[in-house]
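Trainee: Sequence and predicted structure below; questions after.
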Amino acid sequence: MNPTGSPQYMNARDVQVITNVFEVTRLPNVRYWLYDAFNPDIEKKSWRKRADLVRHLQYKAYAHDFPVPFLFDGGAVGFAHERLQNGLGALRTFRVRLRDNGPPDANAKSVYEVIFRKAGAGGAGAGGPIIINPTQAILSIVFNEAVETDRVLYSDLNNLVVKNEAFNGRISLINFLQLVIRQDSNNLHPNNGKAYFAAETKEIAGSFLEFKRGIFHSVRPAIHRMTVVVDTVVAPFLRPGPLIESALAFLSKGDRNMNNIRTLERVDNSDLVALKRVFKGTFIREKKGNPLREGNRRKIQGFIFTGGLYQFENDEGTMITVAEHYRRVHAMTVRYPRIPGVVLREKPTLEVVPMEYCYVEPNQIYRKTLRENDTRAMVEFSTLLPKDKLKRIHDARAYYQNSETLRHAGMEVAPTTITAQGRLFSPPQIVFRNGPISINDGKWNVLNKKLFRTVGKCEWGLINLEPMRIRSPSLHIRELQSNARNLGIPLEDPIHFSKINPQTGDVLQDLDRFMVEEAASLKAAIKHWGDALKGIPTQCVREDKISKFENPNNRQGASSQYWNNVLLKINSRMGGENSRIAGSGTIEHLAKKGKVTMFVGSDVSHPGPGVRKPSVASLVYNQDQLGIKYTAITRLQDPRVEVMVDLEDMFRGAVLDLMGIAHGPVTDIIFYRDGVSEGEYDDIIKHEIGAIERAIDTVWSTHDKLKNGGFKKPNLSFIVVGKRHHTLLFPGSPHLSDQKGNCKAGVVVDRDINQPLITDFYLQSHAGLIGTSRSSHYIVLKNDVFSNDTRALQEVSYALCHVYAKATRSVSMPAPVYYADLACGRGTFHYAPSVEENLRAQDSESISSGGSNVPFDIRPWLEAFKARHSHLKGNMYFL
């Protein structure tokens, strides 16, 4: 039965869903003592070094002093088992050096002192020691409730973990349990803190990278229980071995094939900059001497031209080349003195070593931006069928049976995953001009269908930028026109057609073009011309997609499908509607007479690792009552600031725009926010929901009709939507499975594995194309539109997954969320050609002269940023 005032629900049936979530059946049953000091003060971002030092001292240098592991992950605090804390006492200092398997000599260099100080021991105002005692009072400084048994009881766990008033203690408890779960895996295997990599490795031909498959695991609170989420992951690693091979592989791209060491003698300054950007911070070892021996583990700082010929002053005060030094001291010949040398120290003087004797250390995660080919290879390697992924997840659970740390702690994890109760929504219908059609396995076909609404006469032009490859442009024009007529789009002959060499010709005065493969910079120039300068929609088509259709044997069916997909974008860009949906009670409720509903998507995209440029914030909102057509507002803000800085102004403009279109006040707002992590929810509530409410207050207090009309302010529902989570849903019965073994589109889970302190649900709204489908995670921070009726919000979210204009299938997130992501991705198109490169070069110069701590100056970027042209207002130009 629907709650009073709620819309008529879609049909749905109850289903059982297998998850990748294991229940924690026993919490630790011994006391742990908190230690909170580390000396010297290694900066926070170097947590891996801190973790390496503590790992080394307790497993190698001082193993006899650690009968049970000290729990530490590189953070500010660690935890000692009650057996261990007796030996550590209130204060104990260890001297450690990573290269030594025991205590270092008294006069050894590069030695760290690791000080273990019991929290609350000593210091002004210090109280008693802080104890984690799961069987009596978990994190006793916060919790007062007592547990009478070491068995995890739902009622006890609910009291200790879930209560809102104990939130700070709850977080500390979870962090402690994370350390227990991850201690052994992270100390025995390469890891990124949250996942360890002990499984198979995939070498990529011609790449300086390799990929490792690993296991992610994380403790998560659920209602009345603690759980562990286990998932398979893949990460890129630097390929171990000769650094020369890695450098050659990295510099080989496109038509540049560097398969000979001598080609490194011809590198230019941009190559050295690129090598430094990618390999700085990489650990290497030299192999030198006679007999050959490995040197210490060193970190690359950069590269220098003709490394073997670099001169330095030796211990005798004589200037000598690196090559001559190696001949005299190490009895080794530098065979390639003219290739770049490796800089291992920059101050007070450069220390340069020959690249040919450097070897990349194994198990180094690559944390920088992947190239397109490597990304493609990583996606391919990470793709697993559902049954294969679930088997690896169950196999990984065996680790908990063999974990020394879990055994010492008395913690146990269930042998099987949780089966959750869920619902399967019936899909809506897709409505075209000539009638509705049903959805089959999350997809539909436009064959013999007329798009719901198309534009009138359209003047268009075409440029062939690949005349040597595209030899029959008239063939493609006829096919495009034929498919357009079939869809009800009146596409006449182009008013302009030309062939242009993109290297020499001027393409910016034409209406449309065909895009050559990998022509990213050319595409940016065209989109800037259309989106910002002229206000004319443009459509790019890749040569590699259409050239195969010139062979008649390849055209049957495939060409029509391809051109239909292109026309879906063209029609939407020109203001048309491809289709509508029917059968969703929530959408019909929100579209009824007297209501003006605003569907909003927002996102902030950030520059890649090591890149200094602004983040891009986008707000996308509907232009019609049914949430089919959208437009976007895009702004810049300081790099890596997640909160939308200009949201109040952006949203105020969006509300006024929609009110002008609808000729009435907005009554309901459903706002989807993409890309927010759990730790940022409080900031989003304070700053973004606050900005929306202030924008509404401003409009309602300043708009003449609203001030005097007594109109109620709109209801707001604010939902964070995330895909970057690790909770997976698998079909609990054959009836729930699609052909690949994934759950059918429309499955929602809002119990058994969900969070205790907030309203959330998992919705798998799409049918997977490859591998294992991943649901979207919806976190409801506010739901006034439906008076906290979560099911109505689930249904409207599922319905909006069927209106994505570019697709003939349901997608994994509501369309406005996808559109916000697309709008953010077009940040480059708002700059004139070469402007972004020049701004980044200027920023690099400021860093070179002022150091890496120079504040980022966003002002020149704001001056160069061109907003969307006014002619495209209300246009879905971002598709």
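Mentor: Thanks, I have the structure now.
Trainee: drop to CA atoms for contacts and neighbour counts, all remaining ones
Mentor: Noted.
Trainee: Could you double-check that residue 294 lies in contact with residue 284?
Mentor: No: when contacts are counted by C-alpha atoms under 8 Å, residue 294 is not listed as touching residue 284 (10.1 Å).
Trainee: The two: who's more crowded?
Mentor: Higher neighbour count among residue 294 and residue 284: residue 284, with 23 against 13, using other C-alpha atoms under 10 Å.
Trainee: could you give the mean pLDDT of stretch 386-399?
Mentor: The pLDDT scores in stretch 386-399 average 95.
Trainee: So for this protein, which residue is the most central one in space?
Mentor: Centroid-nearest residue in the chain: residue 724, 6.1 Å away (criterion: C-alpha atoms, centre = their mean).
Trainee: For that residue, give me the pLDDT.
Mentor: If you check residue 724, the pLDDT there is 89.
Trainee: Can you say which helix or strand has residue 654 in it?
Mentor: Assigned by DSSP states H and E, residue 654 belongs to helix 647-662.
Trainee: any idea which residue of the protein is furthest from its center?
Mentor: Within the chain, residue 316 marks the point farthest from the mean C-alpha position, 53.5 Å out by C-alpha atoms, centre = their mean.
Trainee: And that one, how far from residue 367?
Mentor: According to C-alpha to C-alpha, to the nearest Å, residue 316 and residue 367 sit 41 Å apart.
Trainee: Surely the residue nearest to the centre of the chain is in a strand?
Mentor: No: according to DSSP: H, G, I helix; E, B strand; the rest coil, residue 724 belongs to no strand; its state is coil.
Trainee: how many other residues sit next to residue 234?
Mentor: Neighbours of residue 234 under the rule other C-alpha under 10 Å: 23.
Trainee: how about it, what does it touch?
Mentor: Counting by C-alpha atoms under 8 Å, 6 or more residues apart in numbering, residue 234 touches 211, 212, 213, 214, 378, 381, 382.
Trainee: nearest spatial neighbour of the third one, skipping sequence neighbours?
Mentor: Looking back up the chat, that one is residue 213. Nearest-residue entry for residue 213: residue 234, 4.5 Å, with adjacent residues in sequence omitted and distances by C-alpha to C-alpha, 6 or more residues apart in numbering.
Trainee: Okay, residue 704 and residue 587: tell me how far apart.
Mentor: From residue 704 across to residue 587, the span is 30 Å (C-alpha to C-alpha).
Trainee: who has more neighbours, those two?
Mentor: A direct count of neighbours by other C-alpha under 10 Å for residue 704 and residue 587 places residue 587 higher, at 23 against 10.
Trainee: State the helix or strand in which that one lies.
Mentor: helix 585-590.
Trainee: Just the C-alphas of that helix, formatted as CSV.
Mentor: Extracted as CSV, the C-alpha positions of helix 585-590 are listed here (Å, rounded to 0.1, in the frame of the first residue of the first chain):
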residue,chain,number,x,y,z
GLY,A,585,3.5,6.6,-11.3
THR,A,586,6.1,8.9,-9.8
ILE,A,587,6.9,10.7,-13.0
GLU,A,588,3.2,11.1,-13.7
HIS,A,589,2.6,12.4,-10.2
LEU,A,590,5.4,15.0,-10.6
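Trainee: Quick check: next helix or strand after that helix?
Mentor: For helix 585-590, the succeeding helix or strand toward the C-terminus, using DSSP H and E, is strand 597-605.
Trainee: Who are the packing partners of that next one?
Mentor: Judged by 3 or more C-alpha pairs under 8 Å, 6 or more residues apart in numbering; DSSP states H and E, strand 597-605 is in contact with strand 615-622, strand 668-674, helix 815-825.
Trainee: Mean neighbour count, distance to residue 59 and mean pLDDT for these - can I get that in CSV?
Mentor: As requested, those are arranged in CSV below (neighbours: other C-alpha atoms under 10 Å; distance: least, C-alpha to C-alpha, whole Å; pLDDT from 0 to 100):
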stretch, mean neighbour count, distance to residue 59, mean pLDDT
strand 615-622, 27, 43, 97
strand 668-674, 23, 42, 97
helix 815-825, 25, 46, 96
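Trainee: Minimum distance to residue 106: which of those has it?
Mentor: Of all those, strand 615-622 sits nearest to residue 106, with 49.9 Å by C-alpha to C-alpha.
Trainee: neighbouring strands for the helix or strand just after that closest one, and are they parallel or not?
Mentor: Remark: after strand 615-622, the chain's next helix or strand is strand 630-637, criterion DSSP H and E. Using DSSP bridges, strand 630-637 pairs in its sheet with strand 615-622 (antiparallel).
Trainee: Compute the inter-axis angle for the partner strand and strand 597-605.
Mentor: Put simply, strand 615-622 runs at 160 degrees to strand 597-605, going by axes from the mean of the first three to the mean of the last three C-alpha atoms, to 10 degrees.
Trainee: centre of the chain versus strand 615-622, how much separation?
Mentor: With C-alpha atoms, centre = their mean, to the nearest Å as the basis, strand 615-622 stands 17 Å off its chain's centre.
Trainee: For the stretch 301-450 of the chain, which segments count as strands?
Mentor: Ranges of strands within the stretch 301-450 of the chain are 302-304, 311-313, 319-321, 341-345, 351-354, 358-360, 412-425, 429-432, 435-437, based on DSSP state E, counting those that start in this stretch.
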